[in-house]
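K.L.:
Could you work out the structure for the sequence below:
(one chain, ligands or ions: 1)
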Amino acid sequence: QADTAPTAAAKDAVKAADRAHVFHSWSAQKLIDPLAVAGAEGSYFWDYDGNRYLDFSSQLVNTNIGHQHPKVVAAIQEQAAKLCTLAPGFAVDVRSEAARLIAERTPGDLDKIFFTNGGAEAVENAVRMARLHTGRQKVLSTYRSYHGATAAAINLTGDPRRWPSDTASAGVVHFWGPFLYRSPFHATTEAEECERALAHLADTIAFEGPQSIAAIVLETVPGTAGIMVPPAGYLAGVRELCDRYGIVFVLDEVMAGFGRTGKWFAAEHWDVTPDLLTFAKGVNSGYVPLGGVAISGAIAETFDTRPYPGGLTYSGHPLACAAAVATIGAMAEEGIVEHAAHLGENVIGPALAEIAERHPSVGEVRGLGAFWAVELVRDKETREPLVPYNAGGADNAPMAEFTAACKQAGLWPFVNMNRTHVVPACNITEAEAKEGLALLDEALTVADRHTTAGAA
Ligand code: PLP
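P.N.:
Residues are numbered from 1 along each chain as shown. This next block holds a predicted model:
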């Protein structure tokens, strides 16, 4: 245990090896200073200096049942003792059971599960299935979206992370999804936004050529790009357009799935069934890498007698599937999905609405379940974002100061551009959620100083 005890020497060793040998995602390697974490439990994690953080990020919105859930830890340990790995071509009890439990919870006839190691691979395979099923190539996705960092997934992504890979984007067309607060259609009501967004999509399809479009890929509730809950009727309208033109409808629930929005899958809120549904993250709370595609009967049939040309060495890995079986079991037994809905309606939603009233820096709060965005602005009237789109360096100082204030207070926030997202574990207790919201409230006074009202 000496190596992992939270001593100053242990911290130095972890940080030195990290600096020397770990190449971090999305980062300029010499400009970052990752926190060395010594342990985690439930809604908290802690560093080697004895600082404890309330995790309002769920890491990357994946620890839906918190850290170190004993039932999941035990299931992984038991599976490791029994059978660590087996190639995807075999039938394995724990893989069959994970697929059954997932298929039972996905909407409609999404009854076959193709397992991957995470979200991007799920999106890659959904696109491949759609192209093979339709014999068409083009794929449509929205500007305000994130779908992963592999080839097709990063090209589908709407945010600036795709820019360095844009040369490979042949076949991908971006359009605007609905987002009333910053309406691309200058709408003033949800109904108007819905109607204009659907008309815009219908035009996009017409001008791209319906017969060339394999799929429309949407996040049911776009997550990283701002937790934009779609207006009533929007997803049903997209479903209708897909049906009219034989386009495969893919809902990406990598972030929104598995309880996050207060339902097993967010599509349930609008009673919509896609043809393919991608998942990852919350499926096993991120304890072992796992993702997948839930496939409709019609698309699965395409590959009844024709081989599916895709696979992964670790598809349906027994340890990951054991973690999924235990996670889904714990979520059902402990009422975690219902708890997330309760948090959204009675704890997080009302508290954020009240915070928005008091803080000049809060332009809008929106979300559902344990999935909320706080949009920070320089001016409530003009809605000018607190920092410019894709700001870095000094331009991003207001958000950097706000983030530092949260961490200083013991709250680990999820921050993206001019937003902070309130995305704790779906089983965070009410008391912990309230504690985090109070810390957020306090940290927002730092953002307030950068508003026109604060500067006046
Ligand atoms: N799709 C969505 C909606 C996501 O939020 C993410 C990751 O945040 C991905 C896909 C990519 O998942 P992964 O990072 O597991 O590849």
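
K.L.:
Ramachandran coordinates for the residue nearest to Gly118 when sequence neighbours are not counted?
P.N.:
Excluding the flanking residues, the one nearest Gly118 by CB to CB, 6 or more residues apart in numbering is Gly291, at 4.5 Å. In short, each C-beta sits where N, CA and C put it, glycine included. Note on Gly291: its backbone torsions stand at phi -150, psi -170 [degrees, to the nearest 10].

K.L.:
next one: Ile113
P.N.:
Note on Ile113: backbone dihedrals following degrees, to the nearest 10 are phi -120, psi 120.

K.L.:
Leaving out the residues flanking it, which one is nearest to it?
P.N.:
Using CB to CB, 6+ apart and skipping the chain neighbours, the partner closest in space to Ile113 is Ala99 (4.1 Å).

K.L.:
ok, now which ones touch that neighbour?
P.N.:
Lys112, Ile113, Phe115, Gly316 (CB atoms under 8 Å, 6 or more residues apart in numbering).

K.L.:
Taking the residues you listed, please make a PyMOL selection of just the buried ones.
P.N.:
Applied in PyMOL, the following selects the buried portion of those according to 16 or more other CB atoms under 10 Å:
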select buried, resi 112+113+115+316
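
K.L.:
Just the ones of the contacts of Ala99 in helices?
P.N.:
Using DSSP state H, the subset of the contacts of Ala99 located in helices is empty.

K.L.:
Quick check: the gap between Arg244 and the ligand.
P.N.:
Separation of Arg244 from the ligand (CB to the nearest ligand atom, to the nearest Å) stands at 26 Å.

K.L.:
That residue: how many residues sit nearby?
P.N.:
The number of residues packed near Arg244 is 11, by other CB atoms under 10 Å.

K.L.:
Quickly find the element holding it.
P.N.:
Arg244 belongs to helix 234-245 when elements are defined using DSSP states H and E.

K.L.:
which residues touch the nearest residue in space to Asp109 that is not next to it in sequence?
P.N.:
For Asp109, ignoring the flanking residues on the chain, the nearest one in space by CB to CB, 6+ apart is Gly297 at 4.5 Å. Contact analysis of Gly297 by CB under 8 Å, 6+ apart lists Asp109, Asp111, Lys112.

K.L.:
Near the ligand, which residues of the stretch 201-350 of the chain are found?
P.N.:
By CB under 6 Å from any ligand atom, the residues of the stretch 201-350 of the chain that approach the ligand are Glu219, Gly223, Thr224, Asp252, Val254, Met255, Ala280, Gly291.

K.L.:
now the closest residue to the fifth one other than its chain neighbours: how far from Phe90?
P.N.:
Using CB to CB, 6+ apart and skipping the chain neighbours, the partner closest in space to Val254 is Gly119 (3.5 Å). Computed as CB to CB, to the nearest Å, the Gly119 to Phe90 distance reads 25 Å.

K.L.:
would you list every one of the strands in the stretch 51-200 of the chain?
P.N.:
52-55, 112-116, 138-142, 172-175 (DSSP state E, counting those that start in this stretch).

K.L.:
Now do the contacts for Leu290.
P.N.:
Phe115, Thr116, Asn117, Gly118, Ala280, Val283, Asn284, His317, Ala320, Cys321, Ala323, Ala324.

K.L.:
so how far is Ala17 from it?
P.N.:
27 Å.

K.L.:
what stretches of this protein score poorly on pLDDT?
P.N.:
1-4, 166-169, 456 (pLDDT under 70).

K.L.:
how about the helix or strand that contains Asp18: buried residues?
P.N.:
If you go by DSSP H and E, Asp18 is part of helix 8-21. Across helix 8-21, burial judged by 16+ other CB under 10 Å covers Ala10, Val14.

K.L.:
The chain should start at 28 in everything you say after this.
P.N.:
Shifting the count to begin at 28 puts that one at helix 35-48.

K.L.:
Please name the nearest non-neighbouring residue to Asp468.
P.N.:
In space, Asp468 is closest to Ile382, 5.5 Å off (CB to CB, 6+ apart).

K.L.:
which stretch of helix or strand covers the one you found?
P.N.:
Taking DSSP H and E as the criterion, Ile382 maps to helix 376-385.

K.L.:
Just the C-alpha atoms of that helix, please, in PDB.
P.N.:
This file holds the C-alpha atoms of helix 376-385, laid out as PDB (Å, rounded to 0.1, in the frame of the first residue of the first chain):
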ATOM      1  CA  GLY A 376     -34.000  22.800 -11.600                       C
ATOM      2  CA  PRO A 377     -35.600  25.000  -8.900                       C
ATOM      3  CA  ALA A 378     -32.200  25.900  -7.400                       C
ATOM      4  CA  LEU A 379     -30.700  26.900 -10.700                       C
ATOM      5  CA  ALA A 380     -33.800  28.900 -11.700                       C
ATOM      6  CA  GLU A 381     -33.400  30.900  -8.400                       C
ATOM      7  CA  ILE A 382     -29.600  31.300  -9.100                       C
ATOM      8  CA  ALA A 383     -30.400  32.600 -12.500                       C
ATOM      9  CA  GLU A 384     -32.600  35.300 -11.000                       C
ATOM     10  CA  ARG A 385     -29.900  36.600  -8.700                       C
END
